[in-house]
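1. Task: produce atomic coordinates for the following.
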Amino acid sequence: MSDKIRSIVVDDESLAREGLVMRLQQFDEQVEIVASCRNGREALQAVAEKEPDLVFLDIQMPGMSGFEFVKQLQQDNMPAIVFVTAYDEFAVDAFEVHAVDYLLKPIEEDRLALALERAEQRLQGGQPDNEKQRLLDIVMGLTGKSESAVKELLESGEAPRKYSERIAIKDGSSTIFVNVSDIDWIDAAGDYMCVHVKGETHIMRTTMKELEAQLDPDVFQRVHRSTIVNLERVEKISSHINGEFHLTLSCGTALKMSRSYKDKVRHFFLQDK
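-> Alright, predicted model coming up:
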């Protein structure tokens with residue numbers, strides 16, 4: 001290994017990508033940035049051409065996620081991986097692909113320094129047992145679970161159902177954190193989700209399926225192909241002759257629940273219907 005860690009930064013958001021590159025430049029005695037990539041396909045090509053030691057990898061990217069990128073890497077040129085994301089629910093998945101570390105945005109300088117230290121240890125051939133314990137520590141810190149609980153989850157092959165308490169929504173150069181409990185309802189608008197919170201609407205680039213997976217189904221249910229509602233906000237249910245229902249929320253919004261979703265949520269609030 002050379003004196004510096006040859007590294008690639010991968011993030012579909014240009015400001016996030018450039019910001020991480022600037023932060024890494026503070027560690028120029030340790031790190032050499034050999035490529036900056038906008039997506040997984042560019043990163044695969046850069047890995048083949050540059051043969052980096054380390055990849056700082058965003059997880060949620062259009063076209064090819066960070067995990068899909070890792071799955072396509074060849075073992076003979078496999079770099080160390082540090083995941084960089086705004087979402088902590090991917091922690092166990094990151095463990096399973098043997099990530100060196102897992103950084104949550106916004107990245108703190110001391111955590112970045114620790115990630116580089118861990119990368120150096122990995123590249124210098126640290127002991128597997130120590131590496132496993134280090135990764136267990138990372139997952140415990142992110143999930144709030146005990147070591148025995150994390151080990152049990154990993155050995156069973158089942159990912160923990162830890163639903164997000166807040167979601168991160170990118171707004172230009174900044175990120176807004178919204179408490180999930182404050183969400184009234186969500187609807188789809190093309191390739192974007194409109195998250196309605198206390199009279200305000202936040203636009204989020206994700207799919208309905210991905211967003212639904214972050215939300216506790218005991219509280220949030222899809223009532224239409226393009227609508228998710230916070231069941232705790234439902235104040236009135238009106239039935240119609242055609243079999244549809246209209247839901248009135250505490251914020252005054254009226255939503256239509258299509259017939260195909262009626263049975264799915266019946267046990268939550270239609271017991272007496």
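
2. What are the buried residues along stretch 193-200?
-> Neighbour-count burial for stretch 193-200 flags Met193, Val195, His196, Val197 (criterion: 16 or more other CB atoms under 10 Å). Just so you know, the C-beta spots here come from the backbone N, C-alpha and C atoms, and that holds for glycine as well.

3. From the chain's centroid, how far away is it?
-> Stretch 193-200 sits 20 Å away from the centroid of its parent chain (CA atoms, centre = their mean, to the nearest Å).

4. Keeping just the C-alphas, turn it into CSV.
-> The C-alpha trace of stretch 193-200 is given here as CSV (Å, rounded to 0.1, in the frame of the first residue of the first chain):
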residue,chain,number,x,y,z
MET,A,193,-42.9,12.4,-2.8
CYS,A,194,-44.8,15.3,-1.2
VAL,A,195,-44.5,15.0,2.6
HIS,A,196,-47.2,17.1,4.3
VAL,A,197,-46.2,18.3,7.8
LYS,A,198,-48.1,20.8,9.9
GLY,A,199,-49.4,22.7,6.9
GLU,A,200,-46.2,22.7,5.0
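
5. sorry, back to before: considering the buried residues of stretch 193-200, which is situated nearest to Ser181?
-> Val197 (9.9 Å; CB to CB).

6. Next one: the closest one from Leu255, what distance?
-> 15 Å (CB to CB, to the nearest Å).

7. ok, which stretches of the stretch 151-273 of the chain are strands?
-> 166-171, 174-179, 183-189, 192-197, 200-204, 220-224, 227-230, 234-239, 245-249, 254-257 (DSSP state E, counting those that start in this stretch).

8. could those be laid out in JSON lines, adding distance to Gly40 and mean pLDDT?
-> Listed next are the strands of the stretch 151-273 of the chain as JSON lines, based on distance: least, CB to CB, whole Å; pLDDT from 0 to 100:
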{"stretch": "strand 166-171", "distance to Gly40": "18", "mean pLDDT": "82"}
{"stretch": "strand 174-179", "distance to Gly40": "21", "mean pLDDT": "85"}
{"stretch": "strand 183-189", "distance to Gly40": "24", "mean pLDDT": "93"}
{"stretch": "strand 192-197", "distance to Gly40": "21", "mean pLDDT": "93"}
{"stretch": "strand 200-204", "distance to Gly40": "21", "mean pLDDT": "91"}
{"stretch": "strand 220-224", "distance to Gly40": "29", "mean pLDDT": "87"}
{"stretch": "strand 227-230", "distance to Gly40": "28", "mean pLDDT": "93"}
{"stretch": "strand 234-239", "distance to Gly40": "40", "mean pLDDT": "83"}
{"stretch": "strand 245-249", "distance to Gly40": "39", "mean pLDDT": "86"}
{"stretch": "strand 254-257", "distance to Gly40": "36", "mean pLDDT": "87"}
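
9. can you tell which of the ones you listed is closest to Tyr102?
-> Of those, nearest to Tyr102 by CB to CB is strand 166-171, at 14.9 Å.

10. Give the buried residues for that closest one.
-> For strand 166-171, by 16+ other CB under 10 Å, it's Ile167, Ala168, Ile169, Lys170.

11. Need the distance between the two termini of stretch 196-208.
-> 14 Å (CA to CA, to the nearest Å).

12. one step back: could you identify the most distant pair in the buried residues of strand 166-171?
-> Ile167 and Lys170 (10.7 Å).
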